[in-house]
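Q: no sequence on this one, just coordinates:
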């Protein structure tokens, strides 16, 4: 292999591919990035066996070939360079680099040891605005279970509908659902799959924060592929049955409340400082005659705090106790000025939503006293 | 105690005093901040028994008194508030707070258990520009030993001279010395003391990054006091003899080199990626006939890198091996565009300095091959 490419392209591609690098040290080659020439371009790939990421970049290919070297070292090396071009040449499992006044040689591993990243040959089944998809992921993936005891709960349940994609995740204490509209669907029937939450987080890094491109999604029996510009991510799907989460979302409430989002968030954060460690419990008292909502927390060690919050109340006077950290997580997904917080007393779930919209729904179970 | 003060003043004072809060959990009161009324103002104090910080703020004092409550909780609580004023009232070792719609009560500890923070009664012995002093600390304190096996090396050696303050610190692998000019000295004779490096780091946080005020320094037999605006920090002095560090600074060199600071730093960082783990060794080759400096590093695991650096060379062709991390530390203290890096071959120390100045001197021992 003998290739010249720009430092900027190579650095960007390495930072994208590095996302998939495994932390499993039993197979050293998983810490490496695979570089290979392909149709006059340079392809960089990395995988942790669950997810594979590949990026294609332009360059001047003088000789075909392939080599695999430690991904983090190469990424840090190339990022540190301030030269315009980088020359790469592989020889006997080593990668030789030249850039300006720098000359390096990186020890590699035989590319034959690098696992094959599966490809999905079928044409994409839908196209969606990449930024909208990333927002959907950010609003839901955090609510997935962080352990793998129930693998289906460590994933995000994605339903590819006619004009929309619905994502849902739950760790059984709270549930987040986000609906992404404006989807160009090419498949004839609705399909649902479970994608590891970790993989989707990697995808949002690839998309970045200021994208205005499109994301293409393809599907095979066990795998899903996301394509964004020159990068593609293939992930295995999680087997198993996702819980019938729609049944958990209440459609009627004992008390309906509307608040300024930032005020509610501040009250929750401040009151939460006085919650009991581990329980993180704060109490909401929706007082309809007084047209006032009180938040209260107390712990025998720390002390206590109460605050009063203005807002629109409907329904009945009631009390609910919630884990304040879960509420903060849910509010992070809401950017609208006004939010609704509808509850069902001391034993029913509460629901956070942006005012006047059902594009985001966050259900949180109360702490029973 | 019954006091009303602004959220802004109280929050700032808490963030300053919290610096001194101890991490030693055997004496719970050290995690607390002491609030007391003093001459119509509110005084906040914290200590870890080595350093004590006090801050005085204005407020409306309606009743005298004193109380001690967890510093971090109170600081976080007050910081989170967006109200203009905070009312504080102490009752039976509890602190009651009212701010806007918030009402809190914090559990405290009997103020009698709070250790006395010593005061230095004597008038200050010198006055110095606070920002210049902080810069001197930043340039030296990092080079102090991080363990306490030789307590004098965990401190910064401060010499209060006629018109200047000289600070020096060494962990025996490298030595940093900074000279702060423009000091208004009131004492008649030069004095040297050793101050814990950790304490000086706290002091730089108090001074902040955009100060244009003055720092007053007072001294007693075992303690030093720094006063900056309404804050004062008292620290114990480290006993013991600081090494005769001036003897370590070479006054002649085998090779004298001048580089662009940023270029040298980049070459060191990039080459350092290929140094051996633990040793962090990179080799400098000063080639006078070729008017060129090469940097080289290799490790059997990773690979190797060499780079060529332009600069002005004088003296003899020579080679030196250094820990690249130490060089990065030293360059961080130099902001000038050009630096000098003067060395003494494979066994003598190297010296980094801003070009044309002796206000900062950084000596680093070579790694013998």
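A: Good, I have the coordinates. Quick caveat, the model's predicted, so the values are computed rather than measured. Numbers count the residues shown, from 1 in each chain, chains lettered A, B, ... in the order given.

Q: State the distance from the nearest residue to residue A:33 once chain neighbours are set aside to residue A:104.
A: Leaving out its chain neighbours, the residue that sits closest to residue A:33 by Cβ to Cβ, 6 or more residues apart in numbering or on different chains is residue A:71, at 3.9 Å. All C-beta atoms are positioned from the backbone trio N, CA, C, and that covers glycine. As judged by Cβ to Cβ, to the nearest Å, residue A:71 and residue A:104 stand 15 Å apart.

Q: more neighbours, these two?
A: Between residue A:71 and residue A:104, residue A:104 has the larger neighbour count (other Cβ atoms under 10 Å in any protein chain shown), namely 27 against 24.

Q: distance between the one helix or strand the more buried one maps to and the chain's centre?
A: Secondary structure from DSSP states H and E places residue A:104 in strand A:102-107. Averaging C-alpha positions (Cα atoms, centre = their mean, to the nearest Å) puts strand A:102-107 35 Å from its chain's average.

Q: What strands line up against that strand, and which way round?
A: Strand pairing for strand A:102-107, determined by DSSP bridges: strand A:94-99 (antiparallel), strand B:303-309 (antiparallel).

Q: pLDDT weak spots in the stretch 151-300 of chain A?
A: Counting by pLDDT under 70, the stretch 151-300 of chain A contains no low-confidence residues.

Q: Contact residues of it facing chain B?
A: Residues of the stretch 151-300 of chain A found near chain B (Cβ under 8 Å from any Cβ of the partner chain) are A:266, A:267, A:269, A:270, A:273, A:274.

Q: repeat for the stretch 1-150 of chain A
A: Within the stretch 1-150 of chain A, the residues that sit near chain B (Cβ under 8 Å from any Cβ) are A:70, A:73, A:76-77, A:80-82, A:94, A:101-107.

Q: Provide a PyMOL selection command restricted to the buried entries of these.
A: What follows is the PyMOL syntax selecting those of the residues of the stretch 1-150 of chain A next to chain B that are buried according to 16 or more other Cβ atoms under 10 Å in any protein chain shown:
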select buried, chain A and resi 70+73+76+77+80+81+101+102+103+104+105+106+107
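
Q: Make sure residue A:153 is indeed in a helix.
A: Yes - secondary structure of residue A:153 (DSSP: H, G, I helix; E, B strand; the rest coil): part of a helix.

Q: burial of residue A:158, as a residue count?
A: By other Cβ under 10 Å, 26 other residues sit near residue A:158.

Q: And the contacts of the helix or strand where it lies?
A: In the assignment (DSSP H and E), residue A:158 maps to strand A:155-160. Taking Cβ atoms under 8 Å, 6 or more residues apart in numbering or on different chains as the criterion, the residues outside strand A:155-160 that touch it are A:125-126, A:137, A:140-141, A:144, A:165-169, A:183, A:185, A:187, A:190-197, A:200, A:217, A:219, A:238, A:242, A:245.

Q: Neighbouring strands - and their directions - for it?
A: Here strand A:155-160 has these sheet partners by DSSP bridges: strand A:165-170 (antiparallel), strand A:191-196 (antiparallel).

Q: and among these, the most buried is which?
A: strand A:165-170 (a mean of 23; mean count of other Cβ atoms under 10 Å in any protein chain shown).

Q: C-terminal to that one, what's the next element?
A: Following strand A:165-170 in sequence, per DSSP H and E, is strand A:174-180.

Q: so what does that following strand touch, helix or strand wise?
A: helix A:130-140, strand A:165-170, helix A:324-332, strand A:360-364 (3 or more Cβ pairs under 8 Å, 6 or more residues apart in numbering or on different chains; DSSP states H and E).

Q: Mind doing that once more with 10 Å?
A: helix A:130-140, strand A:155-160, strand A:165-170, helix A:324-332, strand A:348-354, strand A:360-364 (3 or more Cβ pairs under 10 Å, 6 or more residues apart in numbering or on different chains; DSSP states H and E).

Q: Please list all residues in contact with the spatially closest residue to residue A:148 that is not a sequence neighbour.
A: Closest residue to residue A:148 apart from its sequence neighbours, by Cβ to Cβ, 6+ apart: residue A:154 at 5.4 Å. Contact analysis of residue A:154 by Cβ atoms under 10 Å, 6 or more residues apart in numbering or on different chains lists A:144, A:145, A:146, A:147, A:148, A:169, A:171, A:194, A:196, A:197, A:198, A:238.

Q: Please apply the same query to residue A:253.
A: A:314-316, A:318, A:340-345, A:348-351.

Q: Let's see which of those residues end up in strands.
A: Among the contacts of residue A:253, the residues falling in strands (DSSP state E) are A:314, A:315, A:318, A:340, A:341, A:342, A:343, A:344, A:348, A:349, A:350, A:351.

Q: and residue A:226, which of the three is it?
A: strand.

Q: before we move on, could you check phi and psi at the closest residue in space to it that isn't next to it in sequence?
A: The spatially closest residue to residue A:226, leaving aside those adjacent along the chain, is residue A:233, at 4.7 Å (Cβ to Cβ, 6+ apart). Torsion angles at residue A:233 (phi, psi; degrees, to the nearest 10) stand at phi -120, psi 120.

Q: OK, contacts around the closest residue to residue A:310 other than its chain neighbours?
A: Among residues not flanking residue A:310 along the chain, residue A:292 sits closest, at 7.1 Å (Cβ to Cβ, 6+ apart). Going by Cβ under 10 Å, 6+ apart, residue A:292 touches A:285, A:286, A:308, A:309, A:310, A:311, A:313, B:101.

Q: Please apply the same query to residue A:109.
A: A:28, A:29, A:30, A:31, A:32, A:34, A:67, A:68, A:69, A:70, A:93.

Q: 8 Å - rerun?
A: Counting by Cβ under 8 Å, 6+ apart, residue A:109 makes contact with A:28, A:29, A:32, A:68, A:69, A:93.

Q: Quick check: the farthest pair among the ones in strands among the contacts of residue A:253?
A: The most widely separated members of the ones in strands among the contacts of residue A:253, counting by Cβ to Cβ, are A:314 and A:349 (17.6 Å).

Q: Which residue of the two possesses the greater neighbour count?
A: Between residue A:314 and residue A:349, counted using other Cβ under 10 Å, the more crowded position is residue A:349 (19 against 12).

Q: The more buried one and residue A:368, how far apart?
A: With Cβ to Cβ as the criterion, residue A:349 and residue A:368 are 12 Å apart.

Q: coming back round to it: tell me the one of the contacts of residue A:253 nearest chain B?
A: In terms of Cβ to the nearest Cβ, no member of the contacts of residue A:253 lies closer to chain B than residue A:341, at 16.9 Å.

Q: List the residues that contact the closest residue to that closest one other than its chain neighbours.
A: In this structure, residue A:341 finds its nearest non-sequential neighbour in residue A:257, 4.8 Å apart by Cβ to Cβ, 6+ apart. When contacts are counted by Cβ under 8 Å, 6+ apart, residue A:257 touches A:286, A:293, A:311, A:312, A:313, A:314, A:340, A:341, A:342, A:343.

Q: want to try JSON lines for those, with distance to residue A:229 as columns?
A: Output for the contacts of residue A:257, formatted as JSON lines (distance: Cβ to Cβ, whole Å):
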{"residue": "A:286", "distance to residue A:229": "48"}
{"residue": "A:293", "distance to residue A:229": "46"}
{"residue": "A:311", "distance to residue A:229": "44"}
{"residue": "A:312", "distance to residue A:229": "45"}
{"residue": "A:313", "distance to residue A:229": "48"}
{"residue": "A:314", "distance to residue A:229": "47"}
{"residue": "A:340", "distance to residue A:229": "37"}
{"residue": "A:341", "distance to residue A:229": "39"}
{"residue": "A:342", "distance to residue A:229": "41"}
{"residue": "A:343", "distance to residue A:229": "44"}
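
Q: I appreciate the help and will end here.
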